[in-house]
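>>> Structure of the sequence below:
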Amino acid sequence: MLPIGRNSRWKANFLNSGKGKPFLKMQSDTSPKTSDISEEPEIQNTVDTENQNPENISPDSESVSGKKSKKQKEKVPRKVIVRHALWFFCGILWGATLMFIGGVLYLRHNLIQEIPLEGDFNSVAGSIGPVAQRYGWQISYTQCGLPRQINGQPMEVYRLCKAPYAYELLETESERKISSMLPCAISIYKKSDGVTYISKVNMPLVTQLLGGKSVEIFNKKIVPEQEAIMSHFATRDEKKK
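This next block holds a predicted model:
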């Protein structure tokens with residue numbers, strides 16, 4: 001045991017003597033190294049401060065993380081744009097399909113006009129010539145090998161022509177292709193329901209599809225006169241139309 005006393009000189013002499021050296025050696029061996037103790041917390045503290053301090057984050061890591069976030073943000077709009085583009089093109093296809101079907105149905109119903117007439121077949125066929133001549137039209141009978149009766153029902157085909165209008169239609173070279181449809185043909189026939197009908201190609205509709213000068217000539221000159229001729233024989237319902 002180390003003697004305890006108030007005399008510091010005695011303590012110094014005791015330690016400097018041979019008796020105090022073993023005690024100092026034992027104390028130095030058993031005591032922890034201050035260097036080891038002090039180094040470990042410093043290492044941990046430096047690691048923690050590096051992780052916690054935003055100033056120690058390298059700009060490369062910030063740029064990499066920024067690029068990743070930008071890429072993630074860009075992926076979402078691209079998917080949305082592609083989706084909307086697909087819906088847009090699908091809508092165009094559906095619209096084009098519906099327009100095509102509607103156009104076919106419209107042409108099927110309106111390309112050839114069929115008008116019910118008043119009176120019997122013989123009276124209409126005998127009076128259509130004189131009525132057409134009142135408006136300056138020439139009418140000719142052209143059966144062209146077609147049967148005059150089908151299943152016991154009479155049928156006759158006529159050609160309507162007016163020279164001044166024909167010249168206006170054909171004087172331009174680009175319009176002469178319409179000559180294959182001239183003169184205008186009309187057909188008078190009787191059906192099993194006992195009603196007499198007249199049918200003709202809807203030339204205003206055809207000229208609308210073809211375009212050109214023929215549209216104006218048909219709509220302003222030919223159609224009004226032909227409708228006036230047909231109105232003499234059409235039924236009351238057709239006259240109202």
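>>> and the longest strand that the chain contains, average pLDDT?
Taking DSSP state E as the criterion, the chain has its longest strand at strand 153-161. The average of the pLDDT scores along strand 153-161 is 87.
>>> List the contacts of Ser179.
Going by Cβ atoms under 8 Å, 6 or more residues apart in numbering, Ser179 touches Leu169, Leu170. C-beta coordinates here come from the backbone N, C-alpha and C atoms, glycine included.
>>> Need the per-residue pLDDT for it.
Reported pLDDT for Ser179: 83.
>>> Kindly report the same for the one 3 residues further on.
In this prediction, Leu182 carries a pLDDT score of 82.
>>> quick one, what contacts it?
By Cβ under 8 Å, 6+ apart, the neighbours of Leu182 are Cys161, Ala166, Leu169, Leu170.
>>> Between these, which sits nearest Leu209?
Closest to Leu209 out of the contacts of Leu182 is Leu169 (15.5 Å), distances taken as Cβ to Cβ.
>>> Would you check that that closest one makes contact with Ile217?
Yes: because the distance of 5.8 Å satisfies Cβ atoms under 8 Å, Leu169 is recorded as touching Ile217.
>>> for the protein, what helix or strand is lowest in average pLDDT?
Across the helices and strands of the chain, mean pLDDT, DSSP states H and E gives its lowest value to helix 34-52, namely a mean of 47.
>>> Neighbours of Ile188, how many?
By the criterion of other Cβ atoms under 10 Å, Ile188 has 19 neighbours.
>>> hmm, back to that, so between Leu169 and Ile217, which is more surrounded?
Leu169 (22 against 18).
>>> Now do the buried residues in the helix or strand where that one lies.
Leu169 is part of helix 163-170 when elements are defined by DSSP states H and E. Using 16 or more other Cβ atoms under 10 Å as the test for burial, helix 163-170 gives Tyr165, Ala166, Glu168, Leu169.
>>> And stretch 138-153, by the same measure?
Applying a neighbour-count criterion of 16+ other Cβ under 10 Å, one finds Ile139 buried in stretch 138-153.
>>> quick one on the thing from earlier: tell me which strands and helices the longest strand of the chain is in contact with?
Secondary-structure packing of strand 153-161 (3 or more Cβ pairs under 8 Å, 6 or more residues apart in numbering; DSSP states H and E): helix 121-134, strand 138-141, strand 184-190.
>>> do you know which of those lies nearest Asn151?
strand 184-190 (10.4 Å).
>>> how big is the angle separating that closest one from strand 153-161?
160 degrees (axes from the mean of the first three to the mean of the last three Cα atoms, to 10 degrees).
>>> Now strand 184-190 - C-alpha only, PDB.
The C-alpha coordinates for strand 184-190 follow below in PDB (Å, rounded to 0.1, in the frame of the first residue of the first chain):
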ATOM      1  CA  CYS A 184     -79.400  11.900-119.600                       C
ATOM      2  CA  ALA A 185     -81.300   8.600-119.400                       C
ATOM      3  CA  ILE A 186     -84.600   8.100-117.600                       C
ATOM      4  CA  SER A 187     -86.500   4.800-117.200                       C
ATOM      5  CA  ILE A 188     -90.300   4.400-116.700                       C
ATOM      6  CA  TYR A 189     -91.500   1.100-115.300                       C
ATOM      7  CA  LYS A 190     -94.200  -0.500-113.300                       C
END
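>>> Quick check: next helix or strand after it?
Moving toward the C-terminus from strand 184-190, the next helix or strand (DSSP H and E) is strand 196-201.
>>> can you list the residues that contact the following helix or strand past that following strand?
Heading C-terminal from strand 196-201, the first helix or strand you meet, by DSSP H and E, is helix 203-210. Helix 203-210 has contacts (Cβ under 8 Å, 6+ apart) with 107, 110-111, 177-178, 181, 184, 214-215, 218-219, 222-223.
>>> I'd like those residues laid out as a markdown table, including neighbour count, distance to Pro130 and secondary structure.
Formatted as a markdown table, the contacts of helix 203-210 follow (neighbours: other Cβ atoms under 10 Å; distance: Cβ to Cβ, whole Å; DSSP: H, G, I helix; E, B strand; the rest coil):
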| residue | neighbour count | distance to Pro130 | secondary structure |
| --- | --- | --- | --- |
| Leu107 | 14 | 34 | helix |
| Asn110 | 11 | 30 | helix |
| Leu111 | 12 | 29 | coil |
| Lys177 | 12 | 33 | helix |
| Ile178 | 20 | 28 | helix |
| Met181 | 15 | 25 | helix |
| Cys184 | 19 | 18 | strand |
| Ser214 | 23 | 28 | helix |
| Val215 | 15 | 30 | helix |
| Phe218 | 22 | 24 | helix |
| Asn219 | 14 | 26 | helix |
| Ile222 | 22 | 20 | helix |
| Val223 | 15 | 21 | helix |
